[in-house]
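1. give me coordinates for this.
(chains A, B, C and D)
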Protein chains: 2
Amino acid sequence: MSKTQESFASTISSEITATLRDAIITGEIAQGSKLSETKLARDFDVSRGPLREAIRNLEGMSLIAYIPQQGARVVTLSKELVLDIYDAREALESKAAALAATNMSSREIDELHRIIDAQGKHMRDNSNAYIPAESDYDFHNTLVRGAKNKVIENALLQRLYYLIKMFRYQNDFANKSTSNSLLEHRQIVYAIELRDPELASVTAKRHIAHTRARIMRRLNALNSANGSKANN
Amino acid sequence: MSKTQESFASTISSEITATLRDAIITGEIAQGSKLSETKLARDFDVSRGPLREAIRNLEGMSLIAYIPQQGARVVTLSKELVLDIYDAREALESKAAALAATNMSSREIDELHRIIDAQGKHMRDNSNAYIPAESDYDFHNTLVRGAKNKVIENALLQRLYYLIKMFRYQNDFANKSTSNSLLEHRQIVYAIELRDPELASVTAKRHIAHTRARIMRRLNALNSANGSKANN
DNA sequence: CGCCTGAAAAATGTCGACAGTTGTTGCGAC
DNA sequence: GTCGCAACAACTGTCGACATTTTTCAGGCG
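-> Next comes the predicted model:
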């Protein structure tokens, strides 16, 4: 996968953080599996110090859970957790859209246009295809940054989006943004251009709620189909 | 101050985390000041290892910002950041209230009643007094936990509330919840009892928005009064 | 007088080793 | 054969020291 964010500082721990982050997102390191400091230190050929730092960083991204005296485990994206994530995202991103309607610069709005126009072109060129995941991330990243709220930005970009990326990467169906998504993106940009926070909030809220509902249907279908095909 | 949360594991780093956390919240360690690993390690008479862990933990609570190769600094609660915090809180807590209306057990609703009844009694006994800060925390903690959403709960209880507690502790006026707050608490509980997510969401949203507005007025008043009385 | 330079001081980054805890395994008793 | 206990192995927690980077500040140049 393309690096989520280049995030380089020249420290070993930050490099390991990025490497592990991507390995977790792609599923190369399985959900629920344990991250052994000793083993990883051998693998990366570094001491355990930087590794502990990296694990703490991943904990800050919500990608792992840390239990004292026991170690770190990769988060398990249960159906409940995924739906919780989308509820939280709905709350934060609808507020972000409202704030963006007030605070976004016209230059940033242009950027939103550029992104959704590219999405539209891509759909015309590949009739009825899906929006590329990267392009969808671009749209939401730009929207969130336009809100000019560091707390919301941090919660979404540094925490929830990693989990969502992980979920999408490991569940093909979750990447299938239809033409509905593009339409909803257009509505959000329209509301922001009107400088109408209420409308922007409602349209963004619905956009996320629709995505959540689609995911819930798919997860329920998988559940009833697979029955007891639980993972260890 | 009373310990925010006893959070004991028998590890040194967790104890130091709790101690530093409280020192930052009370302002004993000033906003914007640097946390020197070397110095703190001497003060606590431990090696730098556990201290680095503690600093990472505090970073996870948003109480400090960490800059590679430079170290950790206590967060500075600028007017902009405080208002951002309350906007994020409005988004998350209104959603929490909506979810609580659906998911809260009757036992938990009873707990909410117990809390606001105590608040009412306290106000009658000390005519027109303020709601004690601890009691206000109790109310919101119970509400948020009742939403049964681990992501929202984590964002509020493990991050935003520490910052809010810090702001309140260091700004006396921010603690002055009037009888309005009690009334709004009652409205929220009422909506939850009705199992009406929409009403719960709106009432909670207004409650936070009112608090935010009151704080904004006070901060603006301080700003124009103090002029250039900036801190180093 | 101010600015640049560079060496000294201090701080952060990393390492390897030891201590204490947790989890496992195999033996023995019932 | 099963349960419980003990020795062992593996892992996390902590430490002190070394390496590298940043900061400080005194000296000299313009």
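2. may I have the phi/psi pair for A:Y66?
-> phi -110, psi 130 (degrees, to the nearest 10).
3. C-alpha coordinates for stretch A:150-165, PDB please?
-> Written as PDB, here are the backbone C-alpha positions of stretch A:150-165 (Å, rounded to 0.1, in the frame of the first residue of the first chain):
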ATOM      1  CA  LYS A 150      -7.400  21.200  15.700                       C
ATOM      2  CA  VAL A 151      -9.200  18.900  18.100                       C
ATOM      3  CA  ILE A 152     -11.600  17.600  15.600                       C
ATOM      4  CA  GLU A 153      -8.900  17.300  13.000                       C
ATOM      5  CA  ASN A 154      -6.700  15.300  15.400                       C
ATOM      6  CA  ALA A 155      -9.500  13.000  16.400                       C
ATOM      7  CA  LEU A 156     -10.400  12.200  12.800                       C
ATOM      8  CA  LEU A 157      -7.100  12.300  11.000                       C
ATOM      9  CA  GLN A 158      -4.900  10.800  13.700                       C
ATOM     10  CA  ARG A 159      -7.200   8.200  15.100                       C
ATOM     11  CA  LEU A 160     -10.500   7.300  13.300                       C
ATOM     12  CA  TYR A 161      -9.200   7.500   9.800                       C
ATOM     13  CA  TYR A 162      -6.500   4.900  10.500                       C
ATOM     14  CA  LEU A 163      -9.100   2.500  11.800                       C
ATOM     15  CA  ILE A 164     -11.400   3.200   8.800                       C
ATOM     16  CA  LYS A 165      -8.500   2.700   6.400                       C
END
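4. contacts for that stretch next, please.
-> A:4, A:21, A:25, A:60-63, A:75, A:77, A:85, A:88-89, A:92-93, A:95-96, A:99, A:137, A:140-141, A:144-145, A:147, B:62, B:81, B:84-85, B:87-88, B:91, B:151, B:155, B:159-160 (C-beta atoms under 8 Å, 6 or more residues apart in numbering or on different chains). From N, CA and C alone the C-beta is placed, and that goes for glycine too.
5. let's see 7 Å
-> For stretch A:150-165, contacts defined as C-beta atoms under 7 Å, 6 or more residues apart in numbering or on different chains pick out A:4, A:25, A:61-63, A:85, A:88-89, A:92-93, A:95-96, A:141, A:144-145, A:147, B:81, B:84-85, B:87-88, B:155.
6. same thing with stretch A:25-44?
-> By C-beta under 7 Å, 6+ apart, stretch A:25-44 touches A:1, A:4, A:16, A:23, A:47-48, A:51-52, A:55, A:64, A:71-77, A:162, A:165-166, A:169-170, A:231.
7. buried members of the contacts of stretch A:150-165 into PyMOL, please.
-> Of the contacts of stretch A:150-165, the buried ones can be selected in PyMOL as follows, counting by 16 or more other C-beta atoms under 10 Å in any protein chain shown:
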select buried, (chain A and resi 4+25+61+62+63+85+88+89+92+93+95+96+141+144+145+147) or (chain B and resi 81+84+85+87+88+155)
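8. DNA strand C next: which of the contacts of stretch A:150-165 are close?
-> Filtering those for proximity to DNA strand C by C-beta under 7 Å from any atom of the strand leaves nothing.
9. on that earlier part again, narrow the contacts of stretch A:25-44 to those in helices?
-> Cross-referencing those against helices under DSSP state H gives A:16, A:23, A:48, A:51-52, A:55, A:162, A:165-166, A:169-170.
10. pLDDT added to those, as JSON lines?
-> Shown next, in JSON lines, are the ones in helices among the contacts of stretch A:25-44 (pLDDT from 0 to 100):
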{"residue": "A:I16", "pLDDT": "95"}
{"residue": "A:A23", "pLDDT": "97"}
{"residue": "A:R48", "pLDDT": "95"}
{"residue": "A:L51", "pLDDT": "95"}
{"residue": "A:R52", "pLDDT": "95"}
{"residue": "A:I55", "pLDDT": "95"}
{"residue": "A:Y162", "pLDDT": "97"}
{"residue": "A:K165", "pLDDT": "96"}
{"residue": "A:M166", "pLDDT": "97"}
{"residue": "A:Y169", "pLDDT": "95"}
{"residue": "A:Q170", "pLDDT": "96"}
